[in-house]
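Enquirer: Next comes the sequence, and after it the predicted model I'd like to discuss.
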Amino acid sequence: MENSLLKSKQHFEVLDGLRGLAALSIVVFHLYEFITPDYTKSPIGHGYLAVDFFFCLSGFVIGYAYDERAPKLGLRIFFRNRLIRLHPMVIWGSVIGLLGFIFDPFIGPASIAEAGTGKIILAFLCSLLMLPFPWLPGRFNGLFPYNTPAWSLFMEYIINIVYGLVLLRISKRWLLVLLSLSAIWIAAVARYRGWIITGWDSPTFTDGFARVTFSFLAGLTIYRFNLVIPNRLNFLLLGILLLGIFMFPHYTNDWITEMILVMLAFPLLLSLGAGTTAHGWIRRFCVFTGRLSYPLYMTHIWAVWLFGNYLATVKPGKTDIYLSATAVFVGSVLLGYIALRFYDEPVREWLTRAAVKNVKKKTAPVEDLPASDIIPH
């Protein structure tokens, strides 16, 4: 019998809250990459696994929002909806990343000259179009040098295309086959690298496909097999468990630990989070941080680069380091909210209205054109 939690198109507030915590953790993790470059000494040494948690959530969300609806909508409308949901912040992140690079007072004119006008412009155009460009100096071969976290959005775009063309049409049996193969793939990658903080730069580019494939399929499997676990666990407990994973001590060559976290802990947290509810101020916190998560994720890294270059150039004392890091964290949250409130949501609303109006003229049913996904990505 179908799980009653999946019968109606509800809003999973607890999943929103977990997504929000993961996005906040990513900002802290990126700051500590400059404060404590040795991950074994970082208090959030596994913060990069938040990306795998995002991918797992995405598989569940996309399946929940589109498995039944996408065949009626058609591929064109499905892909258009995904572009409306994701691409406005890609543009915003590219612009703010470019400005952060050009006007960074700690890298100086010499670094700008080293990059060259041609590379600076070409990297920006590629960033706008979600095309990798790992050749900008000073950004450690990052696929998207102006907005490093955009590598995972690139992977999200790819897996959305695969979902629309393939995953929508396969049976549950073949879904399990693909999940098993992807588990072998990501385990092989993790064993070879010694960890899975890979996929974001040109030397490890292909590793990102293993990360997104397994976690997305895991989330999709939870939806299609109704593996939601009804429970009365409080969001605060689940949030502590998620943060505990990110803060779990990192050791050299601890790929087995990471595979346990990614293959077992994250899917379990997803199943539990989808099976419980939140109320009162906790619910409001979950909804707000869920809305904030994507803009925050796509707008914070320019300030983190600024912070890192400040540390390298000024070499401040410990007190100044943590005061500056706190300012960057708070400023990133505020900037993310500004982007959400005055850019992302208004632009998506306008694009959605325009799309609905255009399709309505072609006599397509309006109810098949939702304003947004059930759960914000």
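Expert: Yep, it's here.

Enquirer: got any ranges where the protein has weak pLDDT?
Expert: Counting by pLDDT under 70, the ranges of the chain that qualify are 1-9, 359-377.

Enquirer: State which helix of it is the longest.
Expert: Ranked by residue count under DSSP state H, the longest helix found in the chain is helix 75-102.

Enquirer: elements contacting that helix?
Expert: Under the contact criterion of 3 or more C-beta pairs under 8 Å, 6 or more residues apart in numbering; DSSP states H and E, the helices and strands touching helix 75-102 comprise helix 117-128, helix 150-165, helix 280-299, helix 301-314, helix 345-360. Backbone N, C-alpha and C define where each C-beta goes, glycine included.

Enquirer: and of the ones you listed, who's closest to A65?
Expert: helix 150-165 (10.9 Å; C-beta to C-beta).

Enquirer: contact partners of that closest one?
Expert: Helix 150-165 is contacted by residues 51, 54-55, 58, 62, 66, 70, 75, 78-79, 82, 86, 90, 93-94, 127, 130, 132, 142-144, 199-201, 208-209, 211-213, 216, 220, 298, 377 when judged by C-beta atoms under 8 Å, 6 or more residues apart in numbering.

Enquirer: Equivalent analysis for stretch 120-139, please.
Expert: Outside of stretch 120-139, the residues within contact range by C-beta under 8 Å, 6+ apart are 87, 90-91, 93-94, 97-98, 101-102, 107, 111-112, 114-115, 119, 141-148, 150-151, 153-154, 157, 201-202, 205, 305.

Enquirer: Mind listing what's buried along the helix or strand hosting M259?
Expert: In the assignment (DSSP states H and E), M259 maps to helix 255-260. Neighbour counts using 16 or more other C-beta atoms under 10 Å place 255, 257-259 of helix 255-260 among the buried residues.

Enquirer: Now do that helix: everything it contacts.
Expert: Residues outside helix 255-260 that contact it (C-beta under 8 Å, 6+ apart) are 46, 49, 186-187, 190-191, 193-196, 248, 251.

Enquirer: State the helix or strand in which L238 lies.
Expert: L238 belongs to helix 235-247 when elements are defined using DSSP H and E.

Enquirer: quick check: angle from that helix to helix 280-299?
Expert: In this structure, helix 235-247 runs at an angle of 30 degrees to helix 280-299, with axes from the mean of the first three to the mean of the last three C-alpha atoms, to 10 degrees as the basis.

Enquirer: before we move on, the earlier item: out of the buried residues of helix 255-260, who's nearest E345?
Expert: For the buried residues of helix 255-260, the closest approach to E345 (C-beta to C-beta) belongs to E258, at 34.7 Å.

Enquirer: any idea how far L178 is from that closest one?
Expert: 21 Å (C-beta to C-beta, to the nearest Å).

Enquirer: Tell me, how many residues neighbour L99?
Expert: L99 has 12 neighbours, counted by other C-beta atoms under 10 Å.

Enquirer: excluding its backbone neighbours, what's nearest it?
Expert: Across the structure, with C-beta to C-beta, 6 or more residues apart in numbering as the measure, the residue nearest L99 apart from its sequence neighbours is W302 (7.5 Å).

Enquirer: who's in contact with the one you found?
Expert: Listed by C-beta under 8 Å, 6+ apart, the contact set of W302 reads 96-97, 99-101, 146-147.

Enquirer: just S293 next, same as before
Expert: Residues touching S293, when contacts are defined by C-beta under 8 Å, 6+ apart, comprise 16, 19-20, 22-23, 376.

Enquirer: Likewise for Y251?
Expert: Y251 sits next to 40, 257 when contact means C-beta under 8 Å, 6+ apart.

Enquirer: give me phi/psi at it?
Expert: The main-chain torsion angles of Y251 are listed as degrees, to the nearest 10 and equal phi -120, psi 160.

Enquirer: so how far is D16 from it?
Expert: Distance check for Y251 against D16: by C-beta to C-beta, it reads 32 Å.

Enquirer: Also L153?
Expert: L153 sits 19 Å away from D16 when distances are taken as C-beta to C-beta.

Enquirer: More neighbours: these two, which one.
Expert: D16 (26 against 22).

Enquirer: I'd say the more buried one and F285 touch.
Expert: No - counting by C-beta atoms under 8 Å, D16 stays clear of F285, with 9.4 Å between them.

Enquirer: Which of the helices or strands spans L176?
Expert: Mapping L176 onto the secondary structure by DSSP H and E places it in helix 172-193.

Enquirer: Any buried residues in that helix, and which?
Expert: By neighbour count on 16+ other C-beta under 10 Å, the buried set for helix 172-193 is 175, 178-179, 182-183, 185-187, 189-190, 193.

Enquirer: Once you drop chain neighbours, what's closest to G239?
Expert: Once its chain neighbours are removed from consideration, G239 has its nearest residue in L21; the separation is 5.3 Å (C-beta to C-beta, 6+ apart).

Enquirer: For that neighbour, give me its contacts.
Expert: 239, 242-243, 289.

Enquirer: Please apply the same query to G308.
Expert: Here G308 is in contact with 33-34 (C-beta under 8 Å, 6+ apart).

Enquirer: try 6 Å this time
Expert: G308 is in contact with F34, counting by C-beta atoms under 6 Å, 6 or more residues apart in numbering.

Enquirer: Relative to D104, how far out is it?
Expert: Using C-beta to C-beta, we find G308 at a distance of 10 Å from D104.

Enquirer: try Y343
Expert: Y343 sits 22 Å away from D104, taking C-beta to C-beta as the criterion.

Enquirer: Tell me which of these two has more neighbours.
Expert: A direct count of neighbours by other C-beta under 10 Å for Y343 and D104 places D104 higher, at 19 against 16.

Enquirer: Tell me if I am right that the more buried one is in a strand.
Expert: No - going by DSSP: H, G, I helix; E, B strand; the rest coil, the assignment for D104 is coil, not a strand.

Enquirer: Before I go, just wanted to say thanks for your time.
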